[in-house]
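S.K.: pasting the structure only:
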């Protein structure tokens, strides 16, 4: 059973698809790794950029994030994410906060038996995100994420 906000968690994870373009910033590099993994539709590589204790809004954990990412990659033939208003704020040496608006557009694929998912999945959506990134081993990863839909253009 899907919980309210499952689509939003998926959108959050997919929001990481666009690099913030701040070369050398470990938080920005984490976002760039998410982008590369999504471009290859590589759920394993994508999920390697979440901490083991990742939590999302509404209490979603890493296992829930994995199910959603795999499902989203399977449900869409193509996804495009456009990030605007990206800001990265350092909260000390051991954490960073990234906030932005993500506009997601996609082309739905086929479901079981080749049935079209067109009309069942949104072709576009827009969300405001707030991520917490932390060092984890030799790289930074997403530890927490919150999001809300953005109404209007």
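M.R.: Perfect, thanks for sending it. None of these values were measured; they are calculated from a predicted model. Numbers count the residues shown, from 1 in each chain.
S.K.: neighbouring contacts of stretch 89-104?
M.R.: Here stretch 89-104 makes contact (C-beta atoms under 8 Å, 6 or more residues apart in numbering) with 11, 14-15, 18, 20, 26-27, 31, 79-88, 124-135, 140, 143, 150. Any C-beta I mention is one placed from the backbone N, CA and C, and that applies to glycine too.
S.K.: Among those residues, which ones are in strands?
M.R.: Using DSSP state E, the subset of those located in strands is 79-88, 124-135, 140, 143.
S.K.: List only those of those residues flagged as buried.
M.R.: 79, 81, 83, 86, 88, 125-127, 129, 131-135, 140, 143 (16 or more other C-beta atoms under 10 Å).
S.K.: Quick check: residue 72 vs residue 152, distance?
M.R.: Separation of residue 72 from residue 152 (C-beta to C-beta, to the nearest Å) stands at 24 Å.
S.K.: correction: residue 41
M.R.: For residue 41, the distance to residue 152 - C-beta to C-beta - is 31 Å.
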